[in-house]
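J.: Have a look at this prediction, sequence included:
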Amino acid sequence: MNSKPFFFLFLFASLNLLYGQTSLEAKKLLEGASKQMESYSNITFDFSYVLNNRTEQINQESSGQVMVSQEKYRLNFLDAIQLFDGSKLYTIVPENEEITVTQVDEKEDFGINPKALLQFYKEGYDYRWDINQKIKGKTIQFVKLIPTEEEVDLKSLLVGIDIKKNHIYKLIEVGKNGTITTLTIDKIEVNTPIPEQFFVFNEEDYPDYYINN
């Protein structure tokens with residue numbers, strides 16, 4: 001009797017079982033980090049952002065800061081300020097002395113809605129347990145997310161979790177066009193005292209600005 005077919009069938013079944021287990025563990029890790037970070041009354045990220053495409057010879061590096069409190073946030077990034085008061089988004093560009101006021105789509109990505117940093121993984125992806133690395137004294141476990149829809153431009157997404165603090169540390173997005181964007185959270189502060197009007201837009205603070213509603 002030839003045992004090879006049985007052996008390969010057993011191996012295939014074992015790999016499927018292992019993949020199922022690691023997928024559940026990966027999703028559980030993401031859920032734990034998301035719940036931990038959403039449990040704070042507010043959270044502030046200092047982050048660095050790198051966009052790279054070797055084929056197009058593009059490499060852009062920048063940094064920023066965002067404070068999130070429930071549905072409100074204030075983002076300083078790319079020489080602009082984005083202030084979301086819970087209903088309207090104010091994009092303030094000091095260089096042009098211009099302010100744009102828009103309604104926010106909750107499904108927008110991090111560049112528009114920092115809340116997506118804590119919620120993006122919840123649908124539209126398959127999960128895989130990936131590498132474990134020591135980075136700057138932190139133990140970072142990566143989870144790989146594969147989009148379940150073929151129409152999206154995203155090839156894969158790596159999410160690095162700081163195991164000790166249960167915080168998201170790094171996001172690496174790989175596009176189908178070869179573009180790789182990396183978001184690294186360099187510093188986190190939680191539950192800090194903030195002024196009552198911190199997320200409130202005051203038109204009087206910008207007397208010479210053009211406001212585009």
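T.: Received it, and whenever you're ready, just let me know what you need.

J.: can you map out the helices along the protein?
T.: Listed in chain order, the helices of the chain (DSSP state H) span 4-38, 116-119.

J.: quick one: pLDDT of the nearest residue to Q103 once chain neighbours are set aside?
T.: Closest residue to Q103 apart from its sequence neighbours, by C-beta to C-beta, 6 or more residues apart in numbering: K88 at 6.6 Å. Where you see a C-beta, it was placed from the backbone N, CA and C, and this is true even at glycine. Looking at K88, its pLDDT is 90.

J.: Kindly report the same for the one 5 residues further on.
T.: In this model, V93 is scored at 95, pLDDT.

J.: Next one, pLDDT for the residue nearest to it when sequence neighbours are not counted please.
T.: Using C-beta to C-beta, 6+ apart and skipping the chain neighbours, the partner closest in space to V93 is A80 (4.9 Å). At A80, the model reports a pLDDT of 92.

J.: and A80, how many neighbours does it have?
T.: By the criterion of other C-beta atoms under 10 Å, A80 has 16 neighbours.

J.: cool, and the one 3 residues further on?
T.: Using other C-beta under 10 Å, L83 has 21 other residues around it.

J.: V101 is in contact with that one, correct?
T.: No. With contact defined as C-beta atoms under 8 Å, L83 does not count as touching V101 (10.0 Å).

J.: what residues are shared contacts of those two?
T.: Common contacts of L83 and V101 (C-beta atoms under 8 Å, 6 or more residues apart in numbering): 89-90.

J.: so who does the residue nearest to Q103 touch?
T.: Shown in contact with K88 (C-beta under 8 Å, 6+ apart): 101-104, 201.

J.: ok, so what distance separates N202 from I58?
T.: Distance of N202 to I58, computed by C-beta to C-beta, to the nearest Å: 38 Å.

J.: Who has more neighbours out of the two?
T.: I58 (11 against 8).

J.: beta partners for the more buried one?
T.: N53 (DSSP bridges).

J.: any weak-confidence spans in the chain?
T.: Scanning the chain for pLDDT under 70 picks out the ranges 1-22, 105-122.
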